[in-house]
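Asker: Dropping a prediction and its sequence here:
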Amino acid sequence: MWPSWTAHRHPHSTADELHRHAQQEIPGIALGTVHTVVNDLASSGLLRRLDVPHAGARYETRITDHHHAVCTQCGLVEDVALPTTRRPAWTPTSSAG
């Protein structure tokens with residue numbers, strides 16, 4: 001089982017971030033093992049994989065329908081609650097981050 005820190009404090013983590021934190025509880029765990037586990041969990045629907053432009057894949061435990069906003073300067077990913085019946089009909093008014 002993954003450490004409890006992932007779901008609440010780091011909801012949009014990369015495999016590298018997950019690996020660093022997993023090593024605190026499972027010393028010696030290989031990065032390849034983490035990649036295998038998150039890919040298997042995403043394939044089975046227990047994790048959602050987000051492909052963030054210029055930042056690589058991130059994983060989250062919230063698998064219900066929602067959208068994401070990504071800061072173009074720091075790469076922070078935030079959940080955005082929008083109707084799921086149609087694609088978002090808005091564009092950012094600013095690209096200042």
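Answerer: Great, that's in hand. Numbering: from 1, shown residues only.
Asker: can you count the residues close to the nearest residue to L50 once chain neighbours are set aside?
Answerer: Nearest residue to L50 in three dimensions, chain neighbours excluded: R58, at 4.5 Å (C-beta to C-beta, 6 or more residues apart in numbering). Just so you know, the C-beta spots here come from the backbone N, C-alpha and C atoms, and that holds for glycine as well. When neighbours are defined as other C-beta atoms under 10 Å, R58 has 23 of them.
Asker: Quick one: list the elements packing against the host helix or strand of R58.
Answerer: If you go by DSSP states H and E, R58 is part of strand 56-60. The contact analysis (3 or more C-beta pairs under 8 Å, 6 or more residues apart in numbering; DSSP states H and E) places strand 56-60 against helix 15-25, helix 31-43, strand 48-52.
Asker: my guess is V38 meets E17, correct?
Answerer: No: look at V38 against E17 with C-beta atoms under 8 Å: they stay out of range, at 10.7 Å.
Asker: Compare the two (neighbour count), which wins?
Answerer: Neighbours per residue (other C-beta under 10 Å) separate V38 from E17, with V38 holding more: 22 against 15.
Asker: Distance of that one relative to P11?
Answerer: Plainly put, V38 is 14 Å away from P11 if you go by C-beta to C-beta, to the nearest Å.
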